[in-house]
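Q: Sequence plus the predicted model coming up.
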2 protein chains.
Amino acid sequence: MNQDLQKERAAASFNPELLTHVLDGSPENTRRRREIENLILKDPDFQHEDLNFLSRSQRYEVAVRKSATMVEKMRKFNIADPAEIMWFKKLHLVNFVEPVGLNYSMFIPTLLNQGTTAQQEKWLLSSKGLEIIGTYAQTEMGHGTHLRGLETTATYDPETQEFILNSPTVTSIKWWPGGLGKTSNHAIVLAQLITQGKCYGLHAFIVPIRELGTHKPLPGITVGDIGPKFGYDEMDNGYLKMDNYRIPRENMLMKHAQVKPDGTYVKPLSNKLTYGTMVFIRSFLVGESARCLSKACTIAIRYSAVRHQSEIKPGEPEPQILDYQTQQYKLFPLLATAYAFQFVGAYMKETYHRINEDISQGDLSELPELHALTAGLKAFTSWTTNTGIEACRMACGGHGYSHCSGLPNIYVNFTPTCTFEGENTVMMLQTARFLMKSYDQVHSGKLVCGMVSYLNDLPSQHIQPQQVAVWPTVVDINSPDSLTEAYKLRAARLVEIAAKNLQTEVIHRKSKEVAWNLTSVDLVQASEAHCHYVAVKLFSEKLLQIQEKSIQAVLRNLCLLYCLYGISRNAGDFLQGSIMTESQITQVNERVKELLTVIRPDAVALVDAFDFQDVTLGSVLGRYDGNVYENLFEWAKKSPLNNTEVHESYYKHLKSLQSKL
Amino acid sequence: MNQDLQKERAAASFNPELLTHVLDGSPENTRRRREIENLILKDPDFQHEDLNFLSRSQRYEVAVRKSATMVEKMRKFNIADPAEIMWFKKLHLVNFVEPVGLNYSMFIPTLLNQGTTAQQEKWLLSSKGLEIIGTYAQTEMGHGTHLRGLETTATYDPETQEFILNSPTVTSIKWWPGGLGKTSNHAIVLAQLITQGKCYGLHAFIVPIRELGTHKPLPGITVGDIGPKFGYDEMDNGYLKMDNYRIPRENMLMKHAQVKPDGTYVKPLSNKLTYGTMVFIRSFLVGESARCLSKACTIAIRYSAVRHQSEIKPGEPEPQILDYQTQQYKLFPLLATAYAFQFVGAYMKETYHRINEDISQGDLSELPELHALTAGLKAFTSWTTNTGIEACRMACGGHGYSHCSGLPNIYVNFTPTCTFEGENTVMMLQTARFLMKSYDQVHSGKLVCGMVSYLNDLPSQHIQPQQVAVWPTVVDINSPDSLTEAYKLRAARLVEIAAKNLQTEVIHRKSKEVAWNLTSVDLVQASEAHCHYVAVKLFSEKLLQIQEKSIQAVLRNLCLLYCLYGISRNAGDFLQGSIMTESQITQVNERVKELLTVIRPDAVALVDAFDFQDVTLGSVLGRYDGNVYENLFEWAKKSPLNNTEVHESYYKHLKSLQSKL
């Protein structure tokens, strides 16, 4: 093991294994996760080659081959639990991007949720067996966020009892679906249903796109890869254009809405249930944010413990760069954030399961708040993580920029999270809509409950002016609970400002929609403050559940750092509305610097506790073992440009350069 | 031309051509720049293929071929002025990365600055003619920032009158030099000079690394490519390991220091002049920041004018996404920042030329301040641009993530700027060192001049307490001059806090170096505030030079937005120290929103004025012409994954997947 890391580990104030159990939920969960991870890490069939040295076409081919291996192994090892599937998949490609992924994550679930029993009988088995490889085609070139704007049509022809699918414009071409470009032979296509001369909005259809046996596009289908992206090299995100393409009536998923053979449309009972799926996907993405930020912190902090550079005191040996205050200030607040998001992610997962239970018992009461909360938290955590990964990369200096660090890949494969499954700004505005509704409710005399219950205490809601005295509060900057109160007051204040600005705009402009647009910057800020409060609150509450003293102590410091750093960076919000005084802000800034020193000896153990075995595969800088520089040299030698001593094809140009002059 | 863009252009309040002249410096400069750019854009020899579809090895090969064409054409068209070379190069590879670049930017200049006349006679002609292709090898695997830590040795052997070059450790392997991996046959190597048993520190040596004629590595030389990076795919950044590799004594560059044949060391007269080169490179990078942010804004704003999505009022046609306040809030402050940086870049360029004149007349008095200023501004502008490019990309939704937008390439090729030529945090601390020195000077009763002269007015420097009344000032939020004053007060306050915290730490810890480290977060913040003030000041002053009313009006709005947005995002700094009141901050927030609406009609014309003809080559979304979606579809079809209807090699794996289950 690396000597620097060994020393760091010996000096830690706690046993990281115990913290890993906290993060996994139990020692048993940790044991089982490792067992599954080792199935892959130790299996030569997965051939853990470094994808960085391959061209995109090669990377895609490797991914398809590995997908095949993965499916086979999952059956062999009897891995079926969703969490276990996730652990398994996460490792098999390191970056968790796989061409057949959407068959499992979107095609089959949609079939189950929206298909009739007969439809499930027809397609489920062959899609589970991958005779049918399916994807989910919703987004078009011209429309992502605005679903009503989608243009693909499915027009019913009662004579042949078929739907005629068309992509009437360039903008209507399906664009982005994963696995569509080369891999899939079927797609669930979302299209505007037209029957008996009337449009009934978006519905889902099972559309064969490639011929079984030859895998060639079927007549009337134009399908292909949308070209290179920032990341996701292994994924064949695709396009799909349909020209008078006919499918049988039975290919419309008819569990809810139906089209009768004569073309009569039967509408669904309710569509509130789609909320549930959204809550699931977005709560999963909160967890993904936590994992990706944790992984980036692991690499950057380990490397900072191993890298020696420059000098603090002249004449002394070069210190570890982790000893520089500026480096600590870059990394430790992110480490604290990663822990905060781990706990937010765990809360979101629990909540999803609880709600799912409630729904199955017919109780939908909590759904609106949770829909709003997951929307905002998906945006809040993914934006922070997005910036955080890059901050980690840049904290590794030049080597961070090399693919040897693994950080560029983490970034490019994470960053779409800010856009997909609900563009972040749109998500923040959805949360804001809920906040405004809650504010109005309180204003009209009704109490609200849940995470927004602080709105009940807004001074503007009280009749007596002396009640305002409730506001200025004495913040104890060493108490997570007291800091949570401060974040609550900030959120309440920003929600109130947004609500009042919205009202003012309504009075001036008369149109509610224009007013909403002209207040949207304030609305996003209100949502961010709300989400920040929720993250602080969940972290503080988590501390109370930890029994082990050494773990509680170190998490308490991280929680304080998370709270105080946030105040320091948003000091204006806390000064305005007199939540804190100027001298308190000065104390906060000083305390942040002290906490950096307090956390320093435990930094490596804190990232060890994340227990990323797969960092070894994806990052030379984040490894546990040996000399990082020797590893780096070995890695570099594998560069394809080094394949032969002299590439004649390159030298040809150099020679022409020399001879021409 | 695209209809949306046409409408936008017709509605602009000014003629962008006039603003282009301001940015270029004169109408004549604009004319000549376009003339040169057209030489490339219209020349089929450059074959403007899309590099995104190529593997890294192919991209490198294209780059070498284009370099050869470029050198030939530059001679043919008689392009020799540095600025003109830059325009020419910038276009020939769009992204301005080229394997032979360092021969011109580093090898030849170093030879000129540090080589004797005899040495220049020996090597200059053949390196200009590219018989010698040179690079500059300073950074090692283990050391970048800390030059004294470099480990490569050059030991003089008086018997043979040779230097023996060695890479004694893995960390001493030269790492990163551009063009070293495959392209160069010579390198200027920085090594610790050892003669007569004593080490004299870093000196420069001309080292042949590959055989002329065969281009094979010479015996004793291990050289190759360091592997794939986040960007710079076309560049063969390389490694170099030397084992008892001998070069003649005459290969040490001896204009300043010398080693006599018997091994006697003669030390140089002064090394202050290296400051000049640093000022040049970093001032150039300030301009690069401006150009890259401008380019990203061009793409994002044009696309936002073309993209229609969702609805503001129900039932009305989908608005351009540029009409959403949240989109304006993302992009217009960045547009204002791009203009600010354009003017900072122009100022830095002028300053460099002025200083160069002064130096040639023996006047080095302004060098320290300018060294500090360029260090800080390089960091300040590159950090802001780095985040800004990504913000532009993410403002383009899904299509921003595709390489069709051109934005991922702009980002990955720009982001090393934060690390190279002086890591940004280290740069900020260099500026801070100058600020602390100036503060101490004022404190000891001497006035300082230049950009830091505001320190003369610090209230703590005055004896009478009533002088403090100078501080609280009435800020007019519609006056760029008044806002510049506010930024000045903020900088003065943060410099003072850093200085006082540094003093306190010195008192507590006794070691100056440890105190410096424990104050470095404050020091960086002081430097940032100083640089922000400089940018605001230069933008405000620029307004006074503009004659044309329509141009002045639109730039004034951008300047106000730049100032007010910065206050809004750093409200804490302006509230503390009572520079502004809470109600003023509220006004600032409101005014920012108003300015978004004011700038909206001119947004497209404002990016047109940057006049990026090459955006057409690098970005489908940033084009002037036609239907963006049709262009996108045409682009995607070229994806290598689409080369054949069915890739048998892929389908092979899919088939195995289907048959196994």
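A: Right, received. Where do you want to start?
Q: which residues of the stretch 1-150 of chain A fall in strands?
A: A:134-137 (DSSP state E, counting those that start in this stretch).
Q: ranges for the strands of chain A?
A: In chain A, the strands defined using DSSP state E lie at A:134-137, A:153-157, A:162-166, A:174-175, A:186-195, A:198-208, A:221-225, A:238-242, A:245-248, A:258-259, A:265-266.
Q: Name the residues of the stretch 51-200 of chain A found near chain B, please.
A: A:52-53, A:55-57, A:60-61, A:64-65, A:67-68, A:71-72, A:75, A:100, A:129-131, A:133, A:139, A:141-146, A:149, A:170-171, A:173, A:175-176, A:181-183 (C-beta under 8 Å from any C-beta of the partner chain). Every C-beta, even on glycine, is put in place using the N, C-alpha and C of the backbone.
Q: hang on, the earlier thing: tell me which of the strands of chain A sits nearest to residue A:613.
A: Proximity to residue A:613 (C-beta to C-beta) singles out strand A:134-137 among those, at 30.3 Å.
Q: What pLDDT does the model give the closest residue to chain B within the stretch 251-400 of chain A?
A: Closest to chain B within the stretch 251-400 of chain A is residue A:310: 3.9 Å, counting by C-beta to the nearest C-beta. Turning to residue A:310, the model gives it a pLDDT of 90.
Q: re earlier: can you flag which of the residues of the stretch 51-200 of chain A next to chain B belong to helices?
A: A:56, A:57, A:60, A:61, A:64, A:65, A:67, A:68, A:71, A:72, A:75 (DSSP state H).
Q: and those, which are buried?
A: Buried residues within these, defined by neighbour count using 16 or more other C-beta atoms under 10 Å in any protein chain shown: A:56, A:57, A:60, A:61, A:64, A:65, A:67, A:68, A:71.
Q: what's the farthest-apart pair in those residues?
A: Among those, A:56 and A:71 lie farthest apart (C-beta to C-beta), at 22.7 Å.
Q: residues contacting residue A:586?
A: Taking C-beta atoms under 8 Å, 6 or more residues apart in numbering or on different chains, we find residue A:586 in contact with residue B:576.
Q: now, which of the ones in helices among the residues of the stretch 51-200 of chain A next to chain B sits nearest residue B:222?
A: Looking across those and measuring by C-beta to C-beta, the closest to residue B:222 is residue A:56, at 30.1 Å.
Q: dump the residue contacts of the spatially closest residue to that closest one that is not a sequence neighbour.
A: The shortest distance from residue A:56 to any non-neighbouring residue, by C-beta to C-beta, 6 or more residues apart in numbering or on different chains, is to residue A:233 (4.8 Å). Applying C-beta under 8 Å, 6+ apart, we find residue A:233 in contact with A:51, A:56, A:59, A:60, A:97.
Q: confidence score at residue A:233?
A: Model confidence at residue A:233, expressed as pLDDT, equals 92.
Q: Same check on residue A:97?
A: Reported pLDDT for residue A:97: 66.
Q: neighbours of the nearest residue to residue A:101 once chain neighbours are set aside, just the number please.
A: Of all residues not flanking residue A:101 in the chain, residue A:178 sits nearest, at 6.3 Å (C-beta to C-beta, 6+ apart). The tally of other residues near residue A:178 (other C-beta atoms under 10 Å in any protein chain shown) stands at 25.
Q: who in the stretch 201-350 of chain A is up against chain B?
A: That would be A:214-217, A:224-230, A:236, A:239, A:308-314, A:318, A:323-326, A:329-330, which are the residues of the stretch 201-350 of chain A within reach of chain B (C-beta under 8 Å from any C-beta).
Q: Please flag which of the residues you listed sit within helices.
A: Those of these lying in helices (DSSP H): A:325, A:326, A:329, A:330.
Q: Confirm for me that residue A:521 is in contact with residue B:329.
A: Yes. Applying C-beta atoms under 8 Å, one finds residue A:521 in contact with residue B:329, separated by 4.9 Å.
Q: which residues do the two both contact?
A: With C-beta under 8 Å, 6+ apart as the test, residue A:521 and residue B:329 both reach residue B:593.
Q: So for the two, which residue has more residues nearby?
A: residue A:521 (21 against 18).
Q: Need phi/psi at residue A:196.
A: Main-chain torsions, residue A:196, degrees, to the nearest 10: phi 50, psi 40.
Q: Contact partners for the residue nearest to residue A:186 when sequence neighbours are not counted?
A: In space, and not counting its chain neighbours, residue A:186 is closest to residue A:134: 4.4 Å by C-beta to C-beta, 6+ apart. With contact taken as C-beta under 8 Å, 6+ apart, residue A:134 is in contact with A:102, A:103, A:106, A:107, A:108, A:111, A:127, A:184, A:185, A:186, A:187, A:188.
Q: now do residue A:599
A: Counted by C-beta under 8 Å, 6+ apart, residue A:599 has contacts A:328, A:332, A:335, A:554, A:557, A:558, A:561, A:606.
Q: Write out the residues of the stretch 501-650 of chain A neighbouring chain B.
A: Near chain B, when you scan the stretch 501-650 of chain A using C-beta under 8 Å from any C-beta, you find A:511, A:513-514, A:517-522, A:524, A:570-576, A:582, A:585-586, A:589, A:593, A:627, A:629-630, A:632-633, A:635-642, A:645-647, A:649-650.
Q: can I assume residue A:182 is in contact with residue A:133?
A: No. Between residue A:182 and residue A:133 there is no contact under C-beta under 8 Å: 10.3 Å.
Q: Next, count neighbours for the nearest residue to the residue of the stretch 251-400 of chain A closest to chain B once chain neighbours are set aside.
A: Setting aside the residues directly before and after it, residue A:310 is nearest to residue B:146 in space (C-beta to C-beta, 6+ apart), at 3.9 Å. Neighbouring residues of residue B:146 were enumerated by other C-beta under 10 Å; the total is 14.
Q: What confidence value was assigned to residue B:146?
A: Value for residue B:146, per-residue pLDDT: 86.
Q: For it, grab phi and psi.
A: phi -90, psi 90.
Q: same deal with residue A:179?
A: phi 80, psi 0.
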